[in-house]
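Participant: sequence and predicted structure, then a few things I'm wondering about:
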Amino acid sequence: MSYKKILTIQDISCVGQCSLTVALPILSACGMETCILPSAVLSTHTAGFSGFTFRDLTDDMPDIQKHWQKENIRFSAIYTGYLGSTKQIDYVKDILQTMGTEDCVRVVDPAMADNGNLYPAFDMAYVEAMKVLCGAADILIPNITESCFLADVPYQETYDENYIRGLLEKLAALGAKTIVLTGVSYTPGKTGVVVYENGEMAYYQHDKISKGCHGTGDVYASAFVGALMNDKTVQESAKIAADYTVKCIENTQGDSDHWYGAKFETALRDLIDMVQ
Ligand code: PXL
């Protein structure tokens, strides 16, 4: 396994099992040196808790980047998630374009929406800025709701393969070469992920656990990047991330106190076995 330095840019939700508190341990378990650029610090995530604090770190970003440039620091992969502001997306785009090694892989999870709605902190100006960031990605990992906002396609609860193809074609027009679309369900009781590469769709279907839990998008994207950096193909990484995320949800269901996140730690051993 090669030892790679990965930068991940997303928020610190102090409590709630999402973003950096998920990405760091998962990427470390996958054998990566992980560097972070926190986009904001929140007391909790914003999906279900009320009265959370929010400190936006947008204004710290240019100086952090300048220092890294002075130290000649470069990253083998840059993976972005939940960001702090529309202005920040501009800075993050510059980091994506300038802070990578020659063969750097740029992965954007446009973490901004789910179940047909934008997360509370975001508006349509944020969506417009996110479209531009997606254009700077090699690989995009959206869910269906995010894809609809990014592609200006009306959100539907049920759909067929033609709808998904149309969505992916519009997303690809933003500029990302490869798209890993999560939460694609054609059949009750099943869900899965569509990998779109060079105009071709490949579908990996798995069981849908009736009670999903929050934060699984971050678990999925982090495991995907960890597998990819272990020289798995995009399709292999998409499958490994799906199998791992299902295991995390299985290990969480039945604990009604644990509504805010997935117990991803309980399946790290399985993930390590899968990426090796
Ligand atoms: O898991 C996505 C996410 C990340 N960070 C924060 C969030 C959310 C989803 O709601 O609120 C702060």
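Facilitator: Sure, I can see it.

Participant: if I pick Gly84, what's in contact with it?
Facilitator: Asp11, Ser39, Ala40, Asp56, Leu57, Thr58 (CB atoms under 8 Å, 6 or more residues apart in numbering). C-beta here means a position set from N, CA and C on the backbone, and glycine is covered the same way.

Participant: what about the third one, distance to Ala111?
Facilitator: Think Ala40. Ala40 sits 12 Å away from Ala111, going by CB to CB, to the nearest Å.

Participant: more neighbours: those two, which one.
Facilitator: Ala111 (24 against 21; other CB atoms under 10 Å).

Participant: how about the helices of the protein, start to end?
Facilitator: 20-29, 61-70, 86-98, 124-135, 144-151, 161-172, 216-228, 234-250, 268-275 (DSSP state H).

Participant: how about those helices in a markdown table, adding mean neighbour count and distance to Lys5?
Facilitator: Converted to a markdown table, the helices of the chain look like this (neighbours: other CB atoms under 10 Å; distance: least, CB to CB, whole Å):
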| stretch | mean neighbour count | distance to Lys5 |
| --- | --- | --- |
| helix 20-29 | 21 | 10 |
| helix 61-70 | 13 | 11 |
| helix 86-98 | 18 | 14 |
| helix 124-135 | 18 | 21 |
| helix 144-151 | 22 | 27 |
| helix 161-172 | 16 | 29 |
| helix 216-228 | 28 | 13 |
| helix 234-250 | 22 | 18 |
| helix 268-275 | 17 | 17 |
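
Participant: common neighbours of Ala40 and Ala111, please.
Facilitator: Common neighbours of Ala40 and Ala111 (CB under 8 Å, 6+ apart) are Tyr82, Leu83.

Participant: tell me the residues of the stretch 101-250 of the chain that contact the ligand?
Facilitator: Proximity of the stretch 101-250 of the chain to the ligand, by CB under 6 Å from any ligand atom, involves residues Ala111, Tyr119, Gly215, Gly217, Asp218.

Participant: so who does the third one touch?
Facilitator: The contact partners of Gly215, by CB under 8 Å, 6+ apart, come to Gly16, Gln17, Cys18, Val22, His45, Tyr260, Gly261, Ala262.
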